[in-house]
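Q: no sequence for this one, just the structure:
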């Protein structure tokens, strides 16, 4: 099968461009390029290769949790609900798939971890150890072990096949909320949050705790906070305020009150560098997708870029400063998904595009103030919407490569959120008229309206393969839609 885009004039021969989709794609891919080429006198032929097309995703499982302890299993390729698991007596707080997709592991507020056969839905094992609700579950890359985290900071390591408890880990003093894993599967990084109260007014201060474990044995190798630092933070406040992690390089950066620390994780910690924080208070730190650069976002001032490739010295420090933007208050900064650019946004709605390697200003994109933004997965587009109750401002699409506004779509109601599809060809927005709207990225043409919620739609998302759309509303309902047709498939809650 194929899809052919012909030049608009349709007279005489025309140059032909042939598109071959990537693994798991289809002839519907790059449709915006087909239309563009046809409008400029080219014929564009989009092939679909049976055996390597989107049929590869058929049979891929999707798990959806509800608030009553249930988990629904879906065939994400065919948008078909397979079965409902009555998994836990109360809320399912987290789940994870085994690497081969054959097992589903769920953790619940009922303190239990359960192992399910993802094909038949049969309950295989119930793992009981924790004295508090489960906050996180993870499976090792080799599919042999389950790692579970309790809201009380406790950890347990289980053999997936036998269900035997391998280790009980005495971990964080406070709640644990994240598990990171190195790409080679050797080490686990767990992140928790401790709360301390300072002064006569008992002001709460929060500190992150980071523990590194041997993924095979469950042995705690070390913590990135010494006892001396624990005592010091009783006087100074939060010791670790933010972190970011690169699983491929095993590289970790931590933000402290007066400095930034660069670590390389292994059997023992290697502190590669201590970087002075500078004179400004920092909100967050972010590693570039390749882990070679660090973006520092201060409170209201210019963002900074650090080159981390020189492990011995501090490396060049680049301030993303535009002298024409005096008085402009920074509210956010992030790398584009390809890591080639940095996008900064200001309170007045101005966005600026910077070269992530040189720190040079590429473009200033002056627009309207916005409440939500999203970048396409390939880093080409950025979309913004505004939720200001006093105005109805349009949906705006920006070209991040050219650094300019492409087009707008008028709003007949206020927007609440937005998301690009995994292939970047569609955009979904949540609006205050109780609907969600799907837009074609190339033309910003409204493709379809998803209606049926009884209150404001507050959350929208695509599944990772782009086959399903998920909308969440203030009415408590979650609706699942077929992305290509807009057909309502199932509703959870409400």
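A: The structure has been received and is ready for your questions. Just so we're clear, the structure is a prediction, and the values are computed from it rather than from any experiment.
Q: what secondary structure does residue 38 sit in?
A: Following DSSP: H, G, I helix; E, B strand; the rest coil, residue 38 is assigned to helix.
Q: contacts only, for the closest residue in space to residue 166 that isn't next to it in sequence.
A: Among residues not flanking residue 166 along the chain, residue 157 sits closest, at 4.5 Å (CB to CB, 6 or more residues apart in numbering). Backbone N, C-alpha and C define where each C-beta goes, glycine included. With contact taken as CB atoms under 8 Å, 6 or more residues apart in numbering, residue 157 is in contact with 145, 146, 147, 148, 165, 166, 167, 168, 169, 217, 218.
Q: residue 157 belongs to a strand?
A: Yes - under three-state DSSP, residue 157 sits within a strand.
Q: who does it bridge with?
A: Beta-bridge partners for residue 157, by DSSP bridges, are residue 147, residue 167.
Q: any idea how far it is from residue 150?
A: Using CB to CB, to the nearest Å, residue 157 is found at 13 Å from residue 150.
Q: can you check residue 256 too?
A: 27 Å.
Q: do the same with residue 461
A: In terms of CB to CB, residue 461 sits 28 Å off from residue 150.
Q: of the two, who's got more company?
A: residue 150 (23 against 15; other CB atoms under 10 Å).
Q: mind listing the helices for the stretch 201-350 of the chain?
A: Taking DSSP state H, counting those that start in this stretch to define them, one finds helices in the stretch 201-350 of the chain at 227-236.
Q: flag the shaky bits of it, pLDDT-wise.
A: Filtered on pLDDT under 70, the stretch 201-350 of the chain yields the residue ranges 201-206, 225-238, 300, 310-316, 325-328.
Q: if we go to 90?
A: Across the stretch 201-350 of the chain, the ranges flagged by pLDDT under 90 are 201-243, 247-251, 255-284, 292, 297-302, 306-333, 337-338, 345-350.
Q: strands of that one, start to end?
A: For the stretch 201-350 of the chain, the strands defined by DSSP state E, counting those that start in this stretch occupy 203-214, 220-223, 242-246, 251-255, 259-264, 270-276, 282-287, 293-298, 304-307, 317-319, 330-335, 341-346.
Q: export those strands to a markdown table and tack on mean neighbour count and distance to residue 426?
A: Below are the strands of the stretch 201-350 of the chain laid out as a markdown table (neighbours: other CB atoms under 10 Å; distance: least, CB to CB, whole Å):
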| stretch | mean neighbour count | distance to residue 426 |
| --- | --- | --- |
| strand 203-214 | 18 | 36 |
| strand 220-223 | 16 | 44 |
| strand 242-246 | 20 | 29 |
| strand 251-255 | 23 | 34 |
| strand 259-264 | 18 | 38 |
| strand 270-276 | 14 | 41 |
| strand 282-287 | 19 | 27 |
| strand 293-298 | 22 | 28 |
| strand 304-307 | 20 | 32 |
| strand 317-319 | 16 | 35 |
| strand 330-335 | 19 | 22 |
| strand 341-346 | 22 | 21 |
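Q: can I get the ones you listed in JSON lines with distance to residue 43?
A: JSON lines is the format used below for those (distance: least, CB to CB, whole Å):
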{"stretch": "strand 203-214", "distance to residue 43": "56"}
{"stretch": "strand 220-223", "distance to residue 43": "60"}
{"stretch": "strand 242-246", "distance to residue 43": "44"}
{"stretch": "strand 251-255", "distance to residue 43": "47"}
{"stretch": "strand 259-264", "distance to residue 43": "52"}
{"stretch": "strand 270-276", "distance to residue 43": "54"}
{"stretch": "strand 282-287", "distance to residue 43": "43"}
{"stretch": "strand 293-298", "distance to residue 43": "42"}
{"stretch": "strand 304-307", "distance to residue 43": "44"}
{"stretch": "strand 317-319", "distance to residue 43": "46"}
{"stretch": "strand 330-335", "distance to residue 43": "37"}
{"stretch": "strand 341-346", "distance to residue 43": "33"}
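Q: out of those, which gets nearest to residue 370?
A: strand 341-346 (7.6 Å; CB to CB).
Q: the closest one vs strand 330-335, what angle?
A: 170 degrees (axes from the mean of the first three to the mean of the last three CA atoms, to 10 degrees).
Q: do you know which of the strands of the stretch 201-350 of the chain lies nearest residue 383?
A: strand 341-346 (12.0 Å).
Q: got the angle for the closest one vs strand 293-298?
A: Using the same axes, to 10 degrees: strand 341-346 against strand 293-298 is 0 degrees.
Q: partner strands of strand 341-346, parallel or antiparallel?
A: Strand 341-346 is paired, per DSSP bridges, with strand 330-335 (antiparallel), strand 351-355 (antiparallel).
Q: want to throw those strands into JSON lines with distance to residue 412?
A: Below are these laid out as JSON lines (distance: least, CB to CB, whole Å):
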{"stretch": "strand 330-335", "distance to residue 412": "27"}
{"stretch": "strand 351-355", "distance to residue 412": "25"}
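Q: right, and these - which one's nearest residue 103?
A: Comparing those by their distance to residue 103 (CB to CB), the top pick is strand 330-335, with 34.3 Å.
Q: what sits up against that closest one?
A: 286, 288-289, 293, 295, 297-298, 300-303, 320, 341-347, 356, 375.
Q: could you do stretch 435-446 as well?
A: With contacts defined as CB under 8 Å, 6+ apart, stretch 435-446 is touched by 31-33, 35-36, 376, 381, 395, 397, 406-409, 420, 424-431, 447-451, 453, 457, 460, 469, 471, 483, 486.
Q: for that stretch, buried residues please.
A: In terms of neighbour count (16 or more other CB atoms under 10 Å), stretch 435-446 has its buried residues at 435, 436, 437, 438, 439, 441, 442, 443, 444.
Q: closest one of these to residue 478?
A: Nearest to residue 478 among the buried residues of stretch 435-446, with distances taken as CB to CB, is residue 436, at 11.9 Å.
Q: phi, psi of that closest one?
A: Note on residue 436: backbone dihedrals following degrees, to the nearest 10 are phi -120, psi 150.
Q: distance-wise, check it relative to residue 361.
A: For residue 436, the distance to residue 361 - CB to CB - is 36 Å.
Q: can you say which of the contacts of stretch 435-446 are buried?
A: So, by 16+ other CB under 10 Å, the buried ones in the contacts of stretch 435-446 are 31, 33, 35, 376, 381, 395, 397, 406, 409, 420, 424-431, 448, 450, 453, 457, 460, 469, 471, 483.
Q: ok, residue 420 - contacts?
A: 374, 375, 376, 377, 381, 383, 426, 427, 441, 462.
Q: among the contacts of stretch 435-446, which are in strands?
A: Applying DSSP state E to the contacts of stretch 435-446, the entries found in strands are 381, 395, 397, 406-409, 420, 426-431, 447-450, 457, 460, 469, 471.
Q: I'd say residue 467 and residue 483 touch.
A: Yes - Residue 467 is within contact range of residue 483, at 5.7 Å (criterion: CB atoms under 8 Å).
Q: identify the residue spatially nearest to residue 309, adjacent ones excluded.
A: residue 292 (5.2 Å).
Q: for the one you found, give its distance to residue 250.
A: For residue 292, the distance to residue 250 - CB to CB - is 14 Å.
Q: what is in contact with these two at once?
A: Common neighbours of residue 292 and residue 250 (CB under 8 Å, 6+ apart) do not exist.
Q: need the contact list for residue 86.
A: 69, 70.
Q: any idea what it is bridged to?
A: Beta-bridge partners, per DSSP bridges, of residue 86: residue 70.
Q: so what's residue 295 closest to, chain neighbours aside?
A: Per CB to CB, 6+ apart, closest to residue 295 is residue 286, 4.5 Å.
Q: same question, residue 489
A: Nearest to residue 489 is residue 480, by CB to CB, 6+ apart, at 4.8 Å.
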